[in-house]
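> Predicted model and sequence follow; I will ask about them next.
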Amino acid sequence: MKSISVSVVGLGQMGSALVAPFLRGGNKVTVWNRSAEKAKPLVALGAELAGNIEEAINASELIVVCLSDYGTSDALFRTPEIERLLKGKTLLQLTTGTGDEAARSAIWANDIGMNYLDGAIMDYPRAIGTQECMLLASGPEASYKQYADYFHLLGGAFTYVGKNPAAANHLDGGLLTMYYATTFGFLQSAAMLQAADVSVDTLKHAVDSFRHVLDKSVAKATDAISRNDYAGNEASIVVHSYGVQSLRDRAKSAGVEYSLLQLFSDYLEKTKAKGFEAAELPAAFEVIRRM
């Protein structure tokens, strides 16, 4: 893999973490941040500090942006002078935003003659550069393929999710929703176990053996949603509703916060009310999909 020139714009914790993997790959890395102080440790690693954003853009063929929000990014890049410098370059946007912002950015990039990939980082800064670290990108496939080897320096699980420039942003939202739901589910479980004087470590170890059930649940729900068919013979919505109500009541009697379980119970009651009493758990999707 030949060496290329990369500029990293935005040196917060996440932006700074992107620099070392590019350097370890033997690439020329230029960095820029409004506060040059944050660049000092990166310069010590071998990065070059640009005096201004113009220098950062001129220094490289690939620009990687990791700022606080799209508004900050737009204010920085959407000026006639900067747009002229960006023409013909490739920009990977790793700033947190929405699918609509990603789509608008792709239109702007096309208008100024810049190759644009919109992306997301699905891990913490400490994981950047590891094999398990997942990043997402969407946009022109040719732009992704041109730099795919370099993107994989940032994470072994770097994933291209399609030509739709908003796809990575939407998938980011979906995965983060699962992350929070799973984490809060674990915290709810831990609180209930602790109230019963059962070690939280017991739960952690049990999860390893239980994970295959969760994996099968996701696979089953995916298939049911795709086919719009929630029939089955394992456990009906009525059975799940009874089970969740039992868990809610158990948490309540133990003096544990039970709002999360009440939410699940409410979903199931609404699912029954829509006529899905005999259907299986994925039928709750029909309640969740619309307000």
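Alright, I've got the coordinates.

> residue ranges of the strands in the protein, please?
5-9, 28-32, 48-49, 62-65, 90-93, 115-121, 135-138, 159-160 (DSSP state E).

> Please work out which residues outside the longest one touch it.
Yep, that's strand 115-121 we're talking about. 14, 66, 88-94, 96, 102, 105-106, 109-110, 128, 133, 135-140, 143-144, 155, 165-166, 168-169, 171-172 (Cβ atoms under 8 Å, 6 or more residues apart in numbering). Any C-beta I mention is one placed from the backbone N, CA and C, and that applies to glycine too.

> The last one too?
Outside strand 159-160, the residues within contact range by Cβ under 8 Å, 6+ apart are Met134, Leu135, Leu136, Ala137, Ser138, Glu141, Tyr144, Ala148.

> cool, the fifth one as well?
Contact partners of strand 90-93, identified using Cβ under 8 Å, 6+ apart, comprise 61-65, 73, 102, 105, 109, 114-119, 137, 143, 146-147, 151.

> Ok, the second one next?
Applying Cβ under 8 Å, 6+ apart, the set of residues contacting strand 28-32 from outside is 3-9, 11, 19, 22-23, 39, 42-43, 46-50, 52-53, 55-56, 59-60.

> Next, the angle strand 5-9 makes with that strand.
Angle between the axes of strand 28-32 and strand 5-9 is 20 degrees (criterion: axes from the mean of the first three to the mean of the last three Cα atoms, to 10 degrees).

> so how far is Lys252 from Asp266?
To Lys252, Asp266 is 15 Å away according to Cβ to Cβ, to the nearest Å.

> Please apply the same query to Thr183.
Thr183 is 22 Å from Lys252, by Cβ to Cβ.

> The two - which one has more neighbours?
Lys252 (13 against 10; other Cβ atoms under 10 Å).

> For the residue nearest to the more buried one when sequence neighbours are not counted, which residues are in contact?
Excluding the flanking residues, the one nearest Lys252 by Cβ to Cβ, 6 or more residues apart in numbering is Tyr258, at 4.9 Å. Taking Cβ under 8 Å, 6+ apart, we find Tyr258 in contact with Arg248, Ala251, Lys252.

> go on, Asp197?
By Cβ under 8 Å, 6+ apart, Asp197 has no neighbours at all.

> And it, what's its pLDDT?
With respect to pLDDT, Asp197 scores 97.

> Just the pLDDT at the residue nearest the centre of the chain, thanks.
The residue lying closest to the centre of the chain (Cα atoms, centre = their mean) is Asp172, at 3.2 Å. Here the pLDDT value assigned to Asp172 is 98.

> OK, contacts around it?
Ala120, Met122, Leu136.

> Let's have these in TSV, adding pLDDT, neighbour count and distance to Tyr242.
Compiled in TSV, the contacts of Asp172 are given as follows (pLDDT from 0 to 100; neighbours: other Cβ atoms under 10 Å; distance: Cβ to Cβ, whole Å):
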residue	pLDDT	neighbour count	distance to Tyr242
Ala120	98	25	39
Met122	98	20	36
Leu136	99	24	39
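
> Let me have those residues in TSV, extended by distance to Asp229.
TSV is the format used below for the contacts of Asp172 (distance: Cβ to Cβ, whole Å):
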residue	distance to Asp229
Ala120	32
Met122	31
Leu136	29
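
> so where's this structure uncertain?
Regions of the chain meeting the criterion pLDDT under 70 are absent.

> Closest to Lys272 out of the contacts of Asp172?
Closest approach between the contacts of Asp172 and Lys272, by Cβ to Cβ: Met122, at 34.9 Å.

> I'd like to know the phi and psi angles of that closest one, please.
Dihedral pair for Met122: phi -100, psi 40, per degrees, to the nearest 10.

> How much space separates it from Ile128?
Applying Cβ to Cβ to Met122 and Ile128 gives a distance of 11 Å.

> Do I have it right that Leu11 meets Lys38?
Yes. Leu11 is within contact range of Lys38, at 4.2 Å (criterion: Cβ atoms under 8 Å).

> between those two, who's got more neighbours?
Legend: neighbour count by other Cβ under 10 Å for Leu11 and Lys38, higher for Leu11 (27 against 17).

> Mind checking which of the contacts of strand 28-32 are buried?
4-9, 11, 19, 22-23, 39, 42, 47-50, 53, 56, 59-60 (16 or more other Cβ atoms under 10 Å).
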